[in-house]
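Trainee: Sharing a model prediction with you, sequence too.
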Amino acid sequence: MSATSPNRDEPVVKTGVFHQVRQLLGAVGASPVASKLAVLVGGIVVVVAMTAYAQIELNSWNKPFYDAISRRDLSDFIVQVGVFAMIAGVLLVLNVAQRWLGETLQMRLREAVVNDLVGLWLHPRRAFWLQAGGPMGAHPDQRMHEDTLKLCDLSVALGVGLLQAAMLFGSFASVLWVLSKDFSIFYDGQDHVLPGFMLWAAIVYAIVGSLLTYWVGNGLILRNAERYAREGELRFSLTRINEHLDGISLAGGEADEKRRVALHFGDVLRAQSRVVLGLTNLTWVTAGFGWVTIIAPTLVAAPLYFSGKVSFGGLMMAAAAFTQAQSSLRWFVDNFSIIADWRATLLRVSDLRQMLASDLEAQAGGSRIAYEESEAGTLAIEALEVRAWTGHDRLDAPDLVVHPGQRLLILGTPGTEKTLLFRALAGLWPWGSGIVRRPRGETIHYMPRGTPYLPRGTLAEVLSYGMEPSSYPREAMVAALASVDLQRLEPLLDKTGRWERELSMDEQLRLGFARVVLQAPPWLVMDDAFGAFDDDTLELIIDVLGKLTHTGIVHIGSAGEAHDRLFTQVVHLIKAPHEVPEEHRP
C-alpha cells in the first residue's frame, strides 16, 4: 500500500459453510427473540415427528385397503376409507400447524438477523468504514434487505425439509427392513440371503443420485453469488439515476445513463445465463431420477410379491414405504438448486457480518491520528498532519486551542484536501499523525460540505436530528426557523415528508443552520459551509452564528471566506514539505 492512501483491498474472510452458519447462529442466539425462536423450533420438531408417525400409519393402511380391493370386500373397503379419512384429517391439521410455525419462524429469524446486522452497521462510524472497505462493502442495503429475507426463507424451508426427510427415513427404514429381512436371491443353485434388500436398494439409489447431482450442480453456488452481486450493481445504478434526475436531465445525459444501465444489465444477463446453464444441466439428473422413481419402488418390491412373501396389498405397502424412504434420502437431489441458492446467499450475508464485526479501521495500514479527551471547554489540535490522496497536509500552526465562544477559520491552500481534514477532526479519517483532543462530555456538531442530511420524518424530527424532538419546545423550533428566514415552514413542523425533494437547496442549507440554532451545541465544526450562499443569505448566516456566543466554531473553507466579523483566529492548511517519518509509514 502506498503512503498516500489507506488500503482498500478486500479483506480475507472465512467462507467455510460451517463457520458461516456458526457465526449467524451465535448472533441469533444472542438476539432478544432467541427464546421465541427456540419455542418455534421445538414446536416444528414435535409437529414433524407427529406427521412422520401419521404417515407410518397411512403407509400401514395401504395393506388392508388394497387387500380389501383384491378380495372385492365392500364392507372392509368402506371401513378402510373411514380410517383413511381420520388419518388424512390428522395430517391436514399437522400440515396447517407446520405451515404457521414455519412462516412465523421465518419472520422471527429475519427479525433477529436484520437487527443484528443493522446494529453492527450503525455502530458509530462503522458504516463509513464499511463504505471505504472495498468491494465487500458494496451495496450493504441489498445484503441486509433482500439477502437476509431470502436467507431466512430458504433456511427455514430447507431446515424443515431436512428434518422431515431424516424422520421419515428413520421411520420407513424400519418398515423396509421388516418387509425384506428374509429376502433371498436364488443364484447358482442355492438361495443367497440378502437381509434388508429394499432398505439397501433405497440407500444406493439415493447415493448415486446425490453424487451425480453434486458433480453436475456444484458450480451453481458461485454462479448464484456472482448473479446477486451483478443485480446489486444494476439496482444501485437505477437508484442513483432516480436520485439525480434533475442533473441528468439538465445535462442531457439520458443517453449516457442508458448506456451505463445497459452495461450493468448486460452483466446481469450474462451472470443469469450462466445460472440458467447450470440449472439446465442439473435438470438432466433431477428430472431423470424423478421419472425413474415412478417405477423404481414397484420394481424393487416386485421380487417380494412374485416370491409369494407378500400379498398384493403388501406389495403396495412395500412400494409406498420404499418411495417414502427413497424420497427422504434423495432430499439432497431434489433441493440442490435451492441449496446452491441458499449457500450463495449465506456467503453474502455472513461475509457482510464478519466485515462489520471486524476492526474496519485497523484493516488499513499506516500511522494514526490520536484522539484523546481534554478537559471540558477546550478543543485542542496538536501537530496535526493528514494523510491525503495527493500527499500530506498539515496546519501551519502546530498547536491550536479553541475555547467556547472562539471562532477558528482554517483556510485551505490550493491542492490541499479540506474535506479530509474535516473528517480527521470528526474521527472519520484517522490516517496521519498528531493529536486531536476533544472536550470531555461535550457535544460537537459536525456540518459536512453540501446540503445536510434530512431524514424522512416530521420537520420537527429533522430540526432535532440526533436528539429527541420532545427535548425542545415548539416555540424554540419556531424561533430557530425564523432566525434563518424559514418562517413559512412553521405550519409543517408536524408534517412527514421527503424534505430533500420538497425544499430548495438554499432552504435545505438554511435548515441545517436552523438545526444548529435550535440545538445550540457547545462546539460546531463546519466544512465549507458558506460557499453556496448569496451575499444576503451569507450575512444572515454569519449574524446567526455570531449570536451563538457560547459555541466554539471551527470552519474549514476557502481564502475568500475570512469574514472578520465572525472569526477570531485564522490558520492555513498547507502541503507538508517533508515525507512522513519512517516509523509512521504504512
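Mentor: Ah, there it is.

Trainee: Please report phi then psi for residue 451.
Mentor: phi -70, psi 140 (degrees, to the nearest 10).

Trainee: my guess is it contacts residue 506, does it?
Mentor: No. Residue 451 is not in contact with residue 506 according to CB atoms under 8 Å; the separation is 9.5 Å. All C-beta atoms are positioned from the backbone trio N, CA, C, and that covers glycine.

Trainee: neighbour count winner among those two?
Mentor: Set residue 451 next to residue 506 and count neighbours by other CB atoms under 10 Å: residue 451 wins out with 18 against 13.

Trainee: and that one, what is it in contact with?
Mentor: Contact partners of residue 451, counting by CB atoms under 8 Å, 6 or more residues apart in numbering, are 500, 505, 508, 509, 512.

Trainee: swap in residue 30?
Mentor: residue 116.

Trainee: And it, how far from residue 24?
Mentor: 11 Å (CB to CB, to the nearest Å).

Trainee: can you check residue 445 too?
Mentor: Taken as CB to CB, the span from residue 445 to residue 24 is 38 Å.

Trainee: Ok, residue 531 next?
Mentor: 46 Å.

Trainee: Who has more neighbours out of these two?
Mentor: Between residue 531 and residue 24, counted using other CB under 10 Å, the more crowded position is residue 24 (22 against 13).

Trainee: for that one, phi and psi?
Mentor: According to degrees, to the nearest 10, residue 24 has phi -70, psi -40.

Trainee: Let me see the confidence value for it.
Mentor: We have a pLDDT of 85 for residue 24.

Trainee: quick one: contacts for the residue lying closest to it once chain neighbours are set aside?
Mentor: Nearest residue to residue 24 in three dimensions, chain neighbours excluded: residue 350, at 6.0 Å (CB to CB, 6 or more residues apart in numbering). Shown in contact with residue 350 (CB under 8 Å, 6+ apart): 19, 20, 23, 24.

Trainee: Pull up the gap between residue 350 and residue 233, please.
Mentor: Where residue 233 is concerned, residue 350 sits at a distance of 20 Å (CB to CB).

Trainee: which residues touch stretch 393-406?
Mentor: With CB under 8 Å, 6+ apart, stretch 393-406 has contacts from 377-386, 408, 410, 416-417, 420-421, 434, 522-523, 549-554, 568-569, 571-576.

Trainee: go again using 7 Å as the cut-off
Mentor: With CB atoms under 7 Å, 6 or more residues apart in numbering as the test, stretch 393-406 has contacts from 377-386, 408, 410, 416-417, 421, 522, 549-552, 554, 568-569, 571-576.

Trainee: With stretch 409-427 instead?
Mentor: Stretch 409-427 is contacted from outside by 125, 369, 371, 386, 388-390, 393, 395, 429, 432, 436, 446, 448-449, 525, 527-528, 554-559, 562, 567, 570-575, using CB under 7 Å, 6+ apart.

Trainee: Now intersect the residues you listed with the helices, please.
Mentor: Among the contacts of stretch 409-427, none falls in helices (DSSP state H).

Trainee: what about burial for these, which qualify?
Mentor: Among those, those classed as buried by 16 or more other CB atoms under 10 Å are 369, 386, 388, 393, 395, 429, 432, 436, 446, 448, 525, 527-528, 554-557, 567, 571, 573.

Trainee: Quick one: mark the members of these that sit in strands.
Mentor: Counted as lying in strands by DSSP state E, out of the buried ones among the contacts of stretch 409-427, are 386, 388, 393, 395, 432, 436, 446, 525, 527, 554-557, 571, 573.

Trainee: Quick one: which of the residues you listed has the lowest pLDDT value?
Mentor: When these are compared, residue 388 shows the smallest pLDDT, 74.

Trainee: Name the nearest residue to it, sequence neighbours excluded.
Mentor: Counting by CB to CB, 6+ apart, the residue nearest residue 388 is residue 417, at 3.9 Å.

Trainee: now do residue 267
Mentor: Leaving aside its chain neighbours, residue 267 sits nearest to residue 230 (4.5 Å; criterion: CB to CB, 6+ apart).

Trainee: mean confidence score for the lengthiest helix in the chain?
Mentor: If you go by DSSP H, the chain has its longest helix at helix 254-306. Helix 254-306 shows a mean pLDDT of 78.

Trainee: Sort out which residues of stretch 497-515 are buried, please.
Mentor: 499, 500, 503, 507, 508, 509, 510, 511, 512, 513, 514, 515.

Trainee: Contacts for it, please.
Mentor: 447, 451-452, 454, 456, 459, 462-463, 465, 480-481, 483-486, 532-533, 537, 541, 544.
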